[in-house]
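> Task: produce atomic coordinates for the following.
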Amino acid sequence: MSSPTGTETGHTEGAGTEPAGHEAAGILSRAGDLFQLLRDGKARTRAELALTTGLARSTVASRIDALMLSGLVGPAGEASSSGGRPPSRFAFNPAARSVLAVDVGATHVIIAVTDLGGNVLAECRLAQDVADGPEAVLDRVVEEGLKLLGQAGRGKPDLAGVGIGLPGPVEHATGMPVKPPIMPGWDGFDVVRHVQRSLPVPVLVDNDVNIMALGERTAHWPEDENFLFIKVATGIGAGIISSGQLQRGANGTAGDLGHVRVPRGDDVLCRCGNYGCLEALASGPAVARALTLQGLKADNGGDVLRLVAAGKLQAIQALRQAGRDLGDVLATVVNLLNPSTIVIGGSLGQAGEHLMAGVREVVYRRSLPLATTHLRIGLSIAGDQAAILGASQMVTQHVLSPAVIEATLQATG
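I've put the predicted structure just below:
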């Protein structure tokens, strides 16, 4: 989902001249549009907003009054006075509403209540198998989510929306999973409608890697307009942010790196039915299988990490080779998309420099020099919070967009 703050704030540059003021006035004609200027959290006076937008002070005042009644904007002290009563300042109030952010994994669910600024107010982590089916998983999400709202001192009336990340392909426009390989019973299930039976608010659903990319970038790399988040766990996928916008593709499958062919995998069968897929060589289960063939007991990615932590040379070498395999695919992606930053996350990414060394070795050797001149490749900073932060951000981008703000004010006005 595109950010609601892009084009509107761009028109504040050059404010104070007549052309810029008139241009901005045409765009910032509604309270929802004016609100976007305050999304950065900076306190402003009515006079400053009028100067920035070119709107009449009376128009600005009426817009601010409406936003204050909604609670989305609140008083933020007084500006210095050149004589007379000091003018009041106003700023975005992220505590006005709450968001329920949900990360559904293969064997876990993380649920959090955040404010509109993405600050986590309450959180719980549950052991839950996604294969139990959508009704069982989502009913538990709703039940635990309501408990968390109470723990955070919030209630249903405070809830702005629900954001959910799922471990499989999702048609974002409808929120329906599309033939997810590890989610029996979820294909075509109406997640939005099911959740809205209990929580009648906007419900947004996306693939977990997409929301991890959104959360990681928003929290820790906000200046990076061209950003890749790579999740290496049971599966392998990428969240692609290009020119500041999350890219989902025509059917929501953009970034499915796990089923790109790797040169050394001609005889390795993938669960998708093809041979040589990256996931069949470099995912957690794939590395575990390779180590088992070498005589080390490993059933999953967690076992691989334990062997690496214990200093087992075979595990370290296997993980570095997984990094090289991932690097083979990423070198092509770097040439194609020219990102400024690649962040590696997911459970296997916790092995840190061993996996990263293999990735860097191949990417910097195989990619075009110009594409890697300023390329940064690093580990996730948000860690297992990335998906929660992204689910929250996905909701706030929607509910704080100009059109939705305007519709909300009209409905409550």
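> Sort out which residues of stretch 260-269 are buried, please.
Residues of stretch 260-269 classed as buried by neighbour count (16 or more other Cβ atoms under 10 Å): 260, 262, 265, 268. All C-beta atoms are positioned from the backbone trio N, CA, C, and that covers glycine.
> Sort those by pLDDT and name the bottom one.
Across the set of the buried residues of stretch 260-269, residue 265 stands lowest in pLDDT, at 87.
> and the nearest residue to residue 196 once chain neighbours are set aside, how many residues sit next to it?
Spatial nearest neighbour of residue 196, chain neighbours left out: residue 203 (5.7 Å); criterion: Cβ to Cβ, 6 or more residues apart in numbering. Residues lying near residue 203 (other Cβ atoms under 10 Å) number 21.
> right, and residue 203 touches residue 159 too?
No: between residue 203 and residue 159 there is no contact under Cβ atoms under 8 Å: 10.5 Å.
> Name the residues of the helix or strand containing residue 91 that are buried.
Here residue 91, judged by DSSP states H and E, is contained in strand 88-92. Within strand 88-92, the residues scored as buried using 16+ other Cβ under 10 Å are 89, 90, 91, 92.
> again with stretch 271-290
Per 16+ other Cβ under 10 Å, stretch 271-290 contains these buried residues: 276-290.
> Go through the chain and flag its longest helix.
Looking across the chain with DSSP state H, the single longest helix is helix 313-337.
> So which elements touch it?
Judged by 3 or more Cβ pairs under 8 Å, 6 or more residues apart in numbering; DSSP states H and E, helix 313-337 is in contact with strand 227-232, strand 236-242, helix 278-282, helix 284-293, helix 301-309, helix 353-366, helix 369-372.
> how much space between residue 333 and residue 282?
Between residue 333 and residue 282 the distance is 14 Å, computed by Cβ to Cβ, to the nearest Å.
> brain fart, residue 144
Relative to residue 282, and taking Cβ to Cβ, residue 144 is found at 34 Å.
> And residue 403, by the same measure?
42 Å.
> Ok, residue 215 next?
Distance from residue 215 to residue 282, by Cβ to Cβ: 23 Å.
> Likewise for residue 153?
Distance from residue 153 to residue 282, by Cβ to Cβ: 44 Å.
> the bottom helix or strand of this protein by mean pLDDT?
helix 6-10 (a mean of 33; mean pLDDT, DSSP states H and E).
> Leaving out chain neighbours, which residue sits closest to residue 46?
residue 60 (5.1 Å).
> go on, residue 241?
The nearest residue in space to residue 241 (Cβ to Cβ, 6+ apart) is residue 227, at 4.2 Å.
> pLDDT below threshold where in the stretch 301-413 of the chain?
412-413 (pLDDT under 70).
> Same question for the stretch 51-200 of the chain.
For the stretch 51-200 of the chain, the ranges with pLDDT under 70 are 78-86.
> Quick one: the strands in it, in order.
Assigned by DSSP state E, counting those that start in this stretch, the strands in the stretch 51-200 of the chain fall at 73-78, 88-92, 98-104, 108-115, 120-127, 159-166, 170-171, 176-177.
> Kindly reformat those as CSV and extend each row with distance to residue 343.
Formatted as CSV, these follow (distance: least, Cβ to Cβ, whole Å):
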stretch, distance to residue 343
strand 73-78, 33
strand 88-92, 27
strand 98-104, 17
strand 108-115, 19
strand 120-127, 20
strand 159-166, 16
strand 170-171, 21
strand 176-177, 25
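> Residue 318 is nearest to which of those strands?
strand 108-115 (24.8 Å; Cβ to Cβ).
> Go ahead and confirm the residue nearest to residue 241 touches residue 340.
Yes: judged on Cβ under 8 Å, residue 227 makes contact with residue 340 at a distance of 7.0 Å.
> which of the two has more neighbours?
For residue 227 versus residue 340, the count of surrounding residues by other Cβ under 10 Å is larger for residue 227: 25 against 15.
> The more buried one: what's it in contact with?
213, 217, 221, 241, 339, 340, 341, 343 (Cβ atoms under 8 Å, 6 or more residues apart in numbering).
> Next: residue 333.
Residue 333 touches 228, 238, 257, 339, counting by Cβ under 8 Å, 6+ apart.
> what's the spacing between residue 411 and residue 66?
12 Å.
> re the thing from before, in the sheet, which residues pair with the residue nearest to residue 196? Tell me.
residue 162 (DSSP bridges).
> ok, so what distance separates it from residue 355?
35 Å.
> and what of residue 248?
For residue 248 relative to residue 355 (Cβ to Cβ), the value is 26 Å.
> okay, these two: which has more neighbours?
Neighbours were counted for residue 248 and for residue 355 using other Cβ under 10 Å; residue 355 has more, 28 against 20.
> Surely that one touches residue 349?
Yes: contact criterion Cβ under 8 Å: residue 355 and residue 349 qualify, at 6.4 Å.
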